[in-house]
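>>> Got a predicted model here, sequence first, then my questions.
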Amino acid sequence: MNQLELLEDIKIRMGGASDEQADRALVATLSGLGEVVRAVDLEPLAAALPRRYAAVLREHRRDPSVDLATFFRRVATREQVGLGYATEHAQAVCRALWRHIDEQARAQLSIALWPELLRPSLQDRHEPRKPHRPAPYWPATVE
């Protein structure tokens with residue numbers, strides 16, 4: 001994963017943030033993810049991240065008492081922003097990470113994380129996707 005591309009993606013998703021703001025949001029969110037996801041489920045993500053960010057992810061230990069509200073509060077504290085901004089920033093970071101990781105890492109995170117963090121944004125819905133086979137056509141039964 002390319003650090004510059006990841007930060008640029010986060011900046012755009014945060015609405016034109018600076019490099020420093022995107023980095024701070026990424027570090028705060030990765031710290032939170034380290035507290036809510038088992039290490040084994042984080043390993044594919046950590047392996048894909050630049051070394052500096054993988055270290056942040058790995059330095060935190062899982063705390064099973066952390067719910068989604070606590071996660072967002074902790075991100076807000078680490079990022080030193082209000083709760084609303086922290087919520088938006090954490091979602092922006094998770095969606096950017098989702099876009100930059102492989103299928104194995106996606107599968108692990110989709111099991112371990114809250115859907116509110118991974119729900120695709122409108123921007124993601126407009127990105128080209130792999131072609132898929134259309135569903136078979138079943139004509140309506142006429143009586």
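Now that the structure is in, tell me what you want to look at.

>>> residues touching Leu30, list them.
Taking CB atoms under 8 Å, 6 or more residues apart in numbering, we find Leu30 in contact with 49, 53, 56-57, 93. For every residue, glycine as well, the C-beta is placed using N, CA and C.

>>> can you put the residues you listed in JSON lines and add distance to Gly15 and neighbour count?
Shown next, in JSON lines, are the contacts of Leu30 (distance: CB to CB, whole Å; neighbours: other CB atoms under 10 Å):
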{"residue": "Leu49", "distance to Gly15": "23", "neighbour count": "24"}
{"residue": "Tyr53", "distance to Gly15": "21", "neighbour count": "21"}
{"residue": "Val56", "distance to Gly15": "23", "neighbour count": "18"}
{"residue": "Leu57", "distance to Gly15": "24", "neighbour count": "21"}
{"residue": "Val93", "distance to Gly15": "13", "neighbour count": "27"}
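
>>> Name the nearest of the residues you listed relative to Leu68.
Lowest distance from Leu68 to the contacts of Leu30 (CB to CB) belongs to Val93, with 14.8 Å.

>>> Could you find the closest non-adjacent residue to that closest one?
Thr29 (4.1 Å; CB to CB, 6 or more residues apart in numbering).

>>> Buried residues of the host helix or strand of the one you found, list them for me.
Secondary structure from DSSP states H and E places Thr29 in helix 19-36. Within helix 19-36, the residues that count as buried by 16 or more other CB atoms under 10 Å are 21-36.
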